[in-house]
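Asks: please find the sequence and the predicted model below.
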Amino acid sequence: MKKWFLSLGLRKKIQLLFLCTMALCILFCFGIFYLILENQMQQAVVDKENNNRIAISNNLDSTMNSINSISRLTMLQNGVRSFLQADYVPASRTRNALQEIHDILNTFNLSCNIVILRMDGQYITTGPGITYVNTGEIFETEWLDEVYSKKGGYIIRAGTREAFHSNIGDMVSFVRVINDINTQEPLGILAINLPSRFFEQTYTGLANETNHFALYDTKGSQICCDNENYFENLDTSALLQNTSQVTEKMFDKSIYTCNKLADSHFILASRSEVRIMDGLPSKLLAALIIGAFILLAFMWLINTYIAKNVTYPIQRLVDSMSEVQNGWLHRVSVNVNNDEIGLLKNSYNAMLIEINQLIEELLQKEKTLRRAELDALQEQMKPHFLYNTLDMIRYMALENRMEDVYNMLETLGNFYRRFLSKGSIDLSLGEEIEIVRSYLTLQRTRFDDIFVDEYEIEDGVSSLRVPRLILQPLVENSIYHGIRPKGEKGRIRITVKRHENLLLLSVFDNGVGMSDHQRELLFSGKDSRSFGFQGTIERIRYYYKRTDIFEIHTVEGEYCEIVLKLPLENGC
C-alpha cells in the first residue's frame with residue numbers, strides 16, 4: 001500500500017489525501033452526532049419507560065378503585081348479607097341479592113362477573129356471559145388460605161379457570177372474604193371476575209412496534225400481553241425479581257424492566273425501544289445536513305484551489321524539466337505565480353546554471369589531469385632515459401657480458417610493459433612495486449650501484465588497487481635530487497603499511513634532504529624542479545577526491561621521506 005501510494009503522481013496523492021480527509025471529517029462529525037444522539041437515546045428510553053409505567057399504573061389504579069368500591073358496596077348490601085347469613089336460602093332472597101348486585105354494576109358501568117359464595121358451598125353469580133363455579137375447587141385451592149390471611153383484604157389472581165370458568169374467556173379474579181360485622185367470622189367469599197382482555201385497555205395507545213407490555217399477577221401468572229414473542233421466554237423467577245436491563249445497538253437502545261406496580265397487586269413487564277432518529281428535532285437535523293454540505297463544499301473548494309495553484313503548476317514544471325532529463329540542460333521557462341512555485345522554478349534555473357559551471361570546472365580538471373598524466377608519461381619516455389639505458393647495454397655487449405645484457409633487456413621490457421599498464425588509470429599495488437623494482441634495478445646498474453633499495457611491504461596489501469605511476473616519480477626524485485647530489489652511496493627504502501583507515505606508502509632516502517623553503521614550495525605546487533611530483537599529487541587527489549594525501553618529513557643534509565596517505569575502502 002505504501003509503495004503504491006508513493007508511486008502515484010502528486011496530483012493523485014493530493015486528491016486521495018483530500019478524499020481521506022473528507023471521509024475522516026465526515027466520520028468525526030458522525031461520531032460527535034452519534035454521541036449526542038446516544039446520550040439523548042439513553043435518557044429518552046428511561047423517560048419513555050417511566051412514563052409508560054406511570055400511565056399503566058394510573059389506569060390500573062382507576063380500575064382497581066372501581067372494583068374495590070364495587071366489592072365494598074356489595075358486602076354492605078342487606079340482601080347479600082341475608083343470603084350469606086340465612087340457614088335456609090329461599091329464592092326470594094337470592095333474587096334480592098342479585099338485584100342489589102345488578103344495581104351496583106349498573107352504577108359503575110363496569111363489565112365484570114360477581115360471585116357470592118356461602119361457606120356451605122351455595123353461591124349466586126351475575127354479570128356478562130355464563131360463569132361456572134367449581135365450589136369444590138375453590139375450597140381446595142391454595143390461594144384460599146391467602147384470602148383468609150388478608151382478614152378482609154383482597155387478592156388478585158389470574159389463571160383461576162379451574163374455579164371460575166366463563167364462556168367469555170380467561171378471567172382475572174378479585175377475591176376477598178366477607179366477614180360478619182359483629183363477630184368478624186367469615187360468612188362467605190366475594191369474587192369479582194374480569195375478562196383478561198379487559199386489562200389490555202391499561203396500555204391501549206401505548207403499545208406499538210417500539211413499546212410492548214405484559215401484565216402478571218404477583219404469583220407470576222400472565223394476565224395479558226400485546227406481543228407474546230417478546231415475553232414467551234420470561235420465567236417466573238425473573239418476574240418475581242425487580243430487573244432492569246438496557247440493550248444497546250448501533251442505532252437504537254431498548255430497556256427491559258420487570259417489577260411490581262405501585263399497588264403491589266400486579267407485575268408489569270415492559271420493553272421500550274428508542275431509535276436514533278426518535279425525538280430528533282427537525283431543525284437540528286436540517287442544521288446537521290446543511291453543516292455537512294457546507295463542510296464538503298469548503299473542502300472541495302480547497303482541493304480545487306490547490307489543484308489550480310499547486311499541482312497544475314508543478315506538473316507544468318515537470319513537463320518542462322523533462323527535456324533536462326534527456327540531457328538538455330536548458331533553463332525552465334514557464335509562467336507561474338510569484339510564490340513558492342515561482343521560487344522553485346528560479347531555484348531550479350539557478351541550479352542548472354551552477355551545474356553547467358560545475359561541468360565546465362570538471363572538464364577543465366579532467367583536461368588538467370590528463371595533461372599531467374601525459375606529461376608524466378612523456379617525462380618517463382624521454383629519449384635520454386631510454387638512450388642511456390641502451391648505451392649501457394651496448395657497452396655490456398662489447399664487453400661480452402651476455403648474461404648481464406639479457407638481464408638488463410628483460411628488466412627494461414618488464415618496466416615498460418608494466419609502466420604502460422595497457423592504458424588503465426589504476427593497477428594493483430604489487431604491480432606498482434614491481435615497476436619501482438625494475439626502474440631501480442636499471443638505475444642502480446647505470447650509476448654503478450650508488451644506492452641500495454629496501455622494501456618493507458605489509459602482508460595482504462599487494463592486491464589493493466592504486467593509481468598507476470605514483471611511486472616511480474618519487475623514487476626518481478630520490479635518485480636525482482637526493483642521492484646523486486650527496487656524492488656518496490645512499491639508501492632508498494619503500495615502506496607500505498596500513499594505519500587505521502589509511503594505506504601509507506613511504507619513499508625514504510638518506511640524500512641531501514631539503515630546506516624548509518623547498519618543502520613549502522612543494523606543498524604550494526610552485527617547485528619547478530620537482531620531477532613529476534606535482535602531476536603525481538594531482539592525479540592522486542583526483543582519484544580519491546580528497547586533498548590531504550601526502551606528508552613530507554625531511555632534515556636538510558640528512559634525509560627526506562615522502563608519505564602518501566591513500567584512503568582504504570571499508571577500512572581494508
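Replies: Perfect, I can see it now.
Asks: first-to-last residue distance for stretch 113-131?
Replies: The first and last residues of stretch 113-131 sit 8 Å apart, counting by CA to CA, to the nearest Å.
Asks: what sits up against it?
Replies: Residues outside stretch 113-131 that contact it (CB atoms under 8 Å, 6 or more residues apart in numbering): 70, 74, 80, 83-84, 89, 94, 97-98, 101-102, 105, 111-112, 133, 135-136, 138-139, 164-168, 171, 178, 186-194. The way it works is simple: take the backbone N, C-alpha and C, and place the C-beta from them, glycine included.
Asks: list the buried residues in it.
Replies: By 16 or more other CB atoms under 10 Å, the buried positions in stretch 113-131 come out as Asn113, Ile114, Val115, Ile116, Leu117, Arg118, Tyr123, Ile124, Thr125, Thr126, Gly127, Thr131.
Asks: need the pLDDT of the nearest residue to Val177 once chain neighbours are set aside.
Replies: Excluding its sequence neighbours, the residue lying closest to Val177 (CB to CB, 6 or more residues apart in numbering) is Pro186, at 5.1 Å. You'll see Pro186 listed with a pLDDT of 85.
Asks: in contact with Pro186, which residues?
Replies: When contacts are counted by CB under 8 Å, 6+ apart, Pro186 is found next to Met119, Tyr148, Val177, Ile178, Asn179, Asp180.
Asks: which stretches in the stretch 401-550 of the chain count as helices?
Replies: Shown for the stretch 401-550 of the chain, the helices assigned by DSSP state H, counting those that start in this stretch span residues 402-420, 429-446, 472-478, 484-486, 516-524, 533-544.
Asks: reformat those as CSV; add mean neighbour count, mean pLDDT and distance to Trp300.
Replies: Formatted as CSV, the helices of the stretch 401-550 of the chain follow (neighbours: other CB atoms under 10 Å; pLDDT from 0 to 100; distance: least, CB to CB, whole Å):
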stretch, mean neighbour count, mean pLDDT, distance to Trp300
helix 402-420, 15, 74, 73
helix 429-446, 20, 86, 69
helix 472-478, 24, 88, 73
helix 484-486, 14, 90, 88
helix 516-524, 14, 85, 68
helix 533-544, 20, 84, 58
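Asks: which of those helices sits closest to Ser221?
Replies: Proximity to Ser221 (CB to CB) singles out helix 533-544 among those, at 103.8 Å.
Asks: just the buried ones from the contacts of Pro186?
Replies: For the contacts of Pro186, a neighbour count by 16+ other CB under 10 Å gives the buried set as Val177, Ile178.
Asks: how about the contacts of Pro186 in JSON lines, adding pLDDT, secondary structure and distance to Ile457?
Replies: Putting those into JSON lines (pLDDT from 0 to 100; DSSP: H, G, I helix; E, B strand; the rest coil; distance: CB to CB, whole Å) gives the following:
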{"residue": "Met119", "pLDDT": "84", "secondary structure": "coil", "distance to Ile457": "137"}
{"residue": "Tyr148", "pLDDT": "81", "secondary structure": "helix", "distance to Ile457": "127"}
{"residue": "Val177", "pLDDT": "88", "secondary structure": "strand", "distance to Ile457": "130"}
{"residue": "Ile178", "pLDDT": "88", "secondary structure": "strand", "distance to Ile457": "135"}
{"residue": "Asn179", "pLDDT": "85", "secondary structure": "strand", "distance to Ile457": "134"}
{"residue": "Asp180", "pLDDT": "81", "secondary structure": "coil", "distance to Ile457": "140"}
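Asks: in strands only, show me the contacts of stretch 113-131.
Replies: 133, 164-166, 171, 178, 186-194 (DSSP state E).
Asks: Gly136: neighbour count?
Replies: Neighbours of Gly136 under the rule other CB atoms under 10 Å: 11.
Asks: ok, it to Leu117 distance?
Replies: 11 Å (CB to CB, to the nearest Å).
Asks: cool, and Glu360?
Replies: From Glu360 over to Leu117 (counting by CB to CB), the distance is 128 Å.
Asks: where's Ala214, which helix or strand?
Replies: strand 211-217 (DSSP states H and E).
Asks: could you check the pLDDT of the residue lying closest to Met171 once chain neighbours are set aside?
Replies: Taking CB to CB, 6+ apart, and ignoring the residues beside it in sequence, Met171 has Asn193 as its nearest neighbour in space, at 4.2 Å. pLDDT recorded at Asn193 is 87.
Asks: quick one: contacts for Asn193?
Replies: 112-115, 127, 131, 160, 164, 166, 171-174 are the contacts of Asn193 under CB under 8 Å, 6+ apart.
Asks: can you give me how far the lengthiest helix in the chain is from the chain middle?
Replies: Assignment by DSSP state H gives helix 10-76 as the longest helix of the chain. Relative to its parent chain, helix 10-76 has a centroid offset of 34 Å by CA atoms, centre = their mean, to the nearest Å.
Asks: please apply the same query to stretch 176-190.
Replies: Put simply, stretch 176-190 sits 80 Å off its chain's centre (CA atoms, centre = their mean).
Asks: distance between the ends of that stretch?
Replies: End-to-end for stretch 176-190, by CA to CA: 5 Å.
Asks: repeat that for stretch 137-152.
Replies: Terminal residues of stretch 137-152 lie 21 Å apart, using CA to CA.
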